[in-house]
Structure formats: C-alpha cells, structure tokens
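Novice: 3D model of this:
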Amino acid sequence: MQIPNLPAIRARRPAWNQGRIIGQKRPLMPRHVWAIRVRLEIAENHRDLALFNLAIDGKLRGCDLVKLKVADVYAAGQVKERASIIQSKTQKPVRFEITEGTRKSLLCWMEQPLMTGSEYLWPGRFHERLHISTRQYARLVRDWVESIGLQPSAYGTHSMRRTKVAQIYRKTGNLRAVQLLLGHTKMDSTVRYLGVELEDALAIAEAVEI
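Specialist: Next comes the predicted model:
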C-alpha cells in the first residue's frame, strides 16, 4: 500500500507582533514632554536632552533627525532660530523652528568634549559610524517613555514627530499648517497621519447628549 506524502509538521512560530501594539504611535502629551525633560535635566544628560528637544521642535522623521549636522542648526556662533533640511524620503525641503529652550540645550551639548570637531550633531560612538543610527534613536525613545511610566509599545520615534503637530491641530484646527510643518506633499497624508477624521468624529459624538 502506497503511503501518500504528507506535509511536514512544523512548530508554529509566535507572530512577530505578538504582545505589541500595532498601528499609529501615540503622540506625547505636554505633561509627558515636561516629565521627560525634567528627568534628563536632573540626570545632566546633555545629549539626550538636546536630542529630545530637537525631536519635538523639528518634527522630523528619525532618519533625518539622526543625520543632522552641526551646520544645519548652528551658524555665526549661535544656534539658529529656524533651520531647513532636505528630507530623505521625499527629497523636498522642510523648515522647522528651534525654540529658546531647545537652543539652550543644543548649545550646552555642543560645548561637550565629545562634540569637539564633530561634523554631525549626534556623533556615533564608534569610528566607523558617523552618527547614531535610527535603531539607537528608537532605543532612546523607548528609554524616555519608560522612565516616566508609559507603555513603550504604544510609543515610538513617530511619537516624537507627531507630538507638536498634534497639539497645533488641537489648538488651531489648521491642517495646512500641519502639512507644511511635516513636509507632506499631499493633504491626505496629513489627515491620515494625524488620525483627524477619527478625532473629529469622536469630538462631535462627545458633544451630543441623548
């Protein structure tokens, strides 16, 4: 009697996203931003404080943030109030503000010995790496949110990018301004990025009493 060939039985691997929150990462709330800043200031962690502050102000993708050069934000002996870079993803320019607190933290970081002669704003610790990697940046973000008791799986590098624009939209409702600040070429991308339709729908629902 011929025995049919049966498929091999393999152990089932756990799903790659098991236990993880998938989807849009949450922006930080103002109280979260304040709490992380205070912890970094107390720890005198000059690099992380400058990186965190510029991540919030710059609203840049992680790949652009880690590759920033000193010349992008510093000129004529002082930190710029506004800066501009070419985005890696779109090859389009985007401008961003650098607020006073961020300028102070950047200046303090650039005065550290590690920054002597560095072309990049966030130099790598190994000679073959000119700047920190996006993976390193993601680990730092995880450490920051964990330090204030937040669930790290709910936040990521895009949380830094979304934090300030989420507040801008809540306070002004100006989608065009948010589109320009994020460097999006299409308004649809901005709408999806902010989750505007859901937020607006919930706000309308909350205002209706039955």
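
Novice: what residues are up against residue 81?
Specialist: 97-98, 103 (C-beta atoms under 8 Å, 6 or more residues apart in numbering). Quick note: C-beta positions are derived from backbone N, CA and C, even for glycine.

Novice: Rebuild those residues as a markdown table, extending it with neighbour count, secondary structure and pLDDT.
Specialist: Below are the contacts of residue 81 laid out as a markdown table (neighbours: other C-beta atoms under 10 Å; DSSP: H, G, I helix; E, B strand; the rest coil; pLDDT from 0 to 100):
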| residue | neighbour count | secondary structure | pLDDT |
| --- | --- | --- | --- |
| 97 | 14 | strand | 95 |
| 98 | 19 | coil | 96 |
| 103 | 20 | helix | 97 |
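
Novice: For the most centrally placed residue in the chain, which non-adjacent residue is spatially closest?
Specialist: For the chain, the residue sitting closest to the mean C-alpha position, by C-alpha atoms, centre = their mean, is residue 160 at 2.9 Å. Leaving aside its sequence neighbours, residue 160 sits nearest to residue 55 (C-beta to C-beta, 6 or more residues apart in numbering; 3.9 Å).

Novice: Now do the one you found, the pLDDT please.
Specialist: pLDDT recorded at residue 55 is 97.

Novice: in what helix or strand does it lie?
Specialist: helix 46-58 (DSSP states H and E).

Novice: Send me that helix as CSV with only the CA atoms.
Specialist: Output of helix 46-58 as CSV, limited to C-alpha atoms (Å, rounded to 0.1, in the frame of the first residue of the first chain):
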residue,chain,number,x,y,z
HIS,A,46,23.1,66.8,27.8
ARG,A,47,22.9,64.8,24.6
ASP,A,48,19.6,63.2,25.2
LEU,A,49,18.0,66.4,26.4
ALA,A,50,19.2,68.2,23.2
LEU,A,51,18.0,65.3,21.1
PHE,A,52,14.7,65.1,22.7
ASN,A,53,14.0,68.8,22.5
LEU,A,54,15.0,69.0,18.8
ALA,A,55,12.9,65.9,18.0
ILE,A,56,9.9,67.7,19.4
ASP,A,57,10.6,71.0,17.7
GLY,A,58,11.9,69.6,14.4
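
Novice: Longest helix in the chain, please.
Specialist: helix 157-172 (DSSP state H).

Novice: Residues touching the very next helix or strand once past it, excluding its own?
Specialist: The first helix or strand that comes after helix 157-172 along the chain, using DSSP H and E, is helix 175-182. The set of residues external to helix 175-182 that reach it, using C-beta under 8 Å, 6+ apart, is 59, 94, 96, 161, 164-165, 168-169, 187, 189-191, 193-194, 196.

Novice: Kindly recompute the last result at 7 Å.
Specialist: Outside of helix 175-182, the residues within contact range by C-beta atoms under 7 Å, 6 or more residues apart in numbering are 59, 165, 168-169, 187, 190-191, 193-194, 196.

Novice: Filter those residues down to the buried ones.
Specialist: Among the contacts of helix 175-182, those classed as buried by 16 or more other C-beta atoms under 10 Å are 59, 165, 168-169, 190-191, 193-194, 196.

Novice: Many thanks, we can stop here.
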